[in-house]
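K.L.:
got a sequence here, can you build the structure:
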Amino acid sequence: MSRVGKNSIPIPAGVNVALNGNILTIKKGGIEEIYKVPDCLKVEESKESIRFIPLDSNQSTRALWGTSQRNVNNIIVGLSDGFKIELEMVGVGYKAAVSGKKLTMQLGFSHDIVYDIPDRITIACPKPTTMVVSGHCKKQVGDVAAVLRGYRPPEPYKGKGVMRVGEFVYRKEGKKK
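P.N.:
Numbering: from 1, shown residues only. The predicted structure is shown next:
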């Protein structure tokens with residue numbers, strides 16, 4: 001059983017945290033995130049940290065205890081540092097380019113794939129074969145990276161496709177004669 005919920009969450013400088021009933025409001029600059037704390041948890045806050053305390057010892061309460069701790073920690077880390085995922089494209093002629101709020105990818109199809117970049121997400125293409133997805137919401141960054149990877153997942157025979165940097169692709173041997 002995980003004991004993640006026992007850890008306190010440090011609050012970095014520049015991040016403001018306010019508790020109003022069971023609504024936790026976290027702000028930095030012009031960005032504001034709201035987290036609704038479950039009724040079975042109590043929030044204990046000080047100037048430099050936040051802690052969650054369970055009100056009973058049910059299994060569902062203990063699960064929400066750790067989940068809430070990690071969700072709030074991800075919000076605070078995202079606002080202070082941000083999250084990023086690097087994707088690479090392997091294949092002849094595979095490339096991507098960003099223009100405005102649209103990402104255009106050439107992935108070996110007869111047409112280009114045009115992806116509308118959502119709000120609060122930035123996509124950069126430092127090289128034509130790499131993309132960097134970044135933002136302050138960990139879930140949204142992961143979802144966008146998964147959608148981009150889903151357009152051409154890596155295949156096991158030649159290793160071509162869109163994949164995370166450093167991702168292991170299991171390679172299969174081709175058909176024998």
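K.L.:
low-confidence stretches in the protein?
P.N.:
1-2 (pLDDT under 70).
K.L.:
ok now the longest strand that the chain contains, how far from the chain's centre?
P.N.:
In terms of residue count, the longest strand belonging to the chain (DSSP state E) is strand 83-90. Computed by C-alpha atoms, centre = their mean, to the nearest Å, the chain-centroid distance of strand 83-90 equals 12 Å.
K.L.:
per-domain residue ranges of the chain.
P.N.:
4-80, 83-164 (automatic domain parsing).
K.L.:
can I get the longest strand of the chain as CSV, trimmed to CA atoms?
P.N.:
Taking Å, rounded to 0.1, in the frame of the first residue of the first chain, the C-alpha atoms of strand 83-90 are listed here in CSV:
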residue,chain,number,x,y,z
PHE,A,83,5.7,19.8,-17.9
LYS,A,84,7.1,18.8,-21.2
ILE,A,85,7.2,15.7,-23.4
GLU,A,86,9.6,15.3,-26.3
LEU,A,87,8.4,13.3,-29.3
GLU,A,88,10.6,12.2,-32.2
MET,A,89,9.5,11.0,-35.7
VAL,A,90,11.5,8.2,-37.3
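K.L.:
now do the SS call for Gln69.
P.N.:
Following DSSP: H, G, I helix; E, B strand; the rest coil, we place Gln69 in the helix state.
K.L.:
how about the strands in this structure?
P.N.:
Using DSSP E, strands in the chain cover 9-10, 16-20, 23-28, 31-36, 41-45, 49-54, 83-90, 95-99, 102-106, 113-116, 121-124, 130-135, 161-164.
K.L.:
just give me the residue right at the centre of this protein.
P.N.:
Central residue check for the chain by C-alpha atoms, centre = their mean: the C-alpha nearest the mean position is that of Lys138, 2.6 Å away.
K.L.:
circling back to that earlier point, contacts for the longest strand of the chain, please.
P.N.:
77, 95-96, 105, 107, 129-138, 141-142, 145, 148-149, 152, 154, 159-165 (C-beta atoms under 8 Å, 6 or more residues apart in numbering). In short, each C-beta sits where N, CA and C put it, glycine included.
K.L.:
how about that strand: buried residues?
P.N.:
83, 85, 87-90 (16 or more other C-beta atoms under 10 Å).
K.L.:
got JSON lines for these, with distance to Ser8 too?
P.N.:
JSON lines is the format used below for the buried residues of strand 83-90 (distance: C-beta to C-beta, whole Å):
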{"residue": "Phe83", "distance to Ser8": "21"}
{"residue": "Ile85", "distance to Ser8": "28"}
{"residue": "Leu87", "distance to Ser8": "34"}
{"residue": "Glu88", "distance to Ser8": "37"}
{"residue": "Met89", "distance to Ser8": "41"}
{"residue": "Val90", "distance to Ser8": "42"}
